[in-house]
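Novice: Okay, predicted coordinates and the sequence, questions at the end:
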Amino acid sequence: MDWSPLLLTFELAAVTTIILLVISIPLSAWLANSKSRLKPVIETLVSMPLVLPPTVLGFYFLMAFSPNNAFGEWINEWLGIKLVFSFPGLVVASVLYSLPFMVHPIQCGLSGLPISIKEAAYVMGKSKLTTLFRVQLPNIKPALLTGIVLSFAHTVGEFGVVLMIGGNIPGKTKVASIAIYDEVEALNYGTANVYSMILFAITFCILLAVYLVNGKHLKKLGR
């Protein structure tokens, strides 16, 4: 039993979730408040991973990040980062692939807040940034928790995208989902079952905790 795929999976999920949280808060705030004509286009781009096959996204990530293309070559030469068949490449692909799972809950939470909360903060002289972080976000804790957990769980379950961009390099890009596939291909069903049960148990416990926490929050609100 090789534990490195599981450790790599949870490391990838944790790093991806942290980056997504940083990116998604300002993006979600803009989507929740903007009346720009570009808003439907941005919302569509953010939501594309929900409907596109993972292999399609993985293929385009592979082409974009490849040193044979201008973008991949520029990253490799000027930033010294190799994105193809590497852990940083897995992180970038996972962030883009799991983006809607963080953005949508936060956007819905911000959109559902009474506008009077924001206006009251402005009347008190608070800036937009202060209002967002000191007033709005504390009032949508369930939405934030949901986005964090969904992003983490979705990254844990990735297969097509990570296989296309990361390949199957032990200790470097071989995550748990790929390890399960390899064990099934080798007819090692016992080891595949261990990997699967660990992922099942952990994701079940995480999701159950979210529903329990959100349920208690709704009871406090009297809903």
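Specialist: Noted; the coordinates are in hand.
Novice: May I ask you to name the longest helix in the protein?
Specialist: helix 189-221 (DSSP state H).
Novice: tell me what it is packed against?
Specialist: Packing partners of helix 189-221 (3 or more Cβ pairs under 8 Å, 6 or more residues apart in numbering; DSSP states H and E): helix 4-33, helix 141-156, helix 176-185. (Each C-beta comes from the backbone N, C-alpha and C, glycine too.)
Novice: Now with 7 Å, please.
Specialist: Packing partners of helix 189-221 (3 or more Cβ pairs under 7 Å, 6 or more residues apart in numbering; DSSP states H and E): helix 141-156, helix 176-185.
Novice: pull the CA atoms of the first one into PDB?
Specialist: I take that to be helix 141-156. Output in PDB follows, covering the C-alpha atoms of helix 141-156 (Å, rounded to 0.1, in the frame of the first residue of the first chain):
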ATOM      1  CA  LYS A 141     -20.400  32.100   6.600                       C
ATOM      2  CA  PRO A 142     -22.400  29.100   5.500                       C
ATOM      3  CA  ALA A 143     -21.900  30.000   1.800                       C
ATOM      4  CA  LEU A 144     -18.100  30.400   2.400                       C
ATOM      5  CA  LEU A 145     -18.000  27.000   4.200                       C
ATOM      6  CA  THR A 146     -19.900  25.400   1.400                       C
ATOM      7  CA  GLY A 147     -17.600  26.800  -1.300                       C
ATOM      8  CA  ILE A 148     -14.500  25.700   0.600                       C
ATOM      9  CA  VAL A 149     -15.800  22.200   1.200                       C
ATOM     10  CA  LEU A 150     -17.100  21.700  -2.300                       C
ATOM     11  CA  SER A 151     -13.900  22.900  -3.800                       C
ATOM     12  CA  PHE A 152     -11.800  20.700  -1.600                       C
ATOM     13  CA  ALA A 153     -14.000  17.600  -2.300                       C
ATOM     14  CA  HIS A 154     -14.200  18.300  -6.000                       C
ATOM     15  CA  THR A 155     -10.400  18.500  -6.200                       C
ATOM     16  CA  VAL A 156     -10.000  15.300  -4.300                       C
END
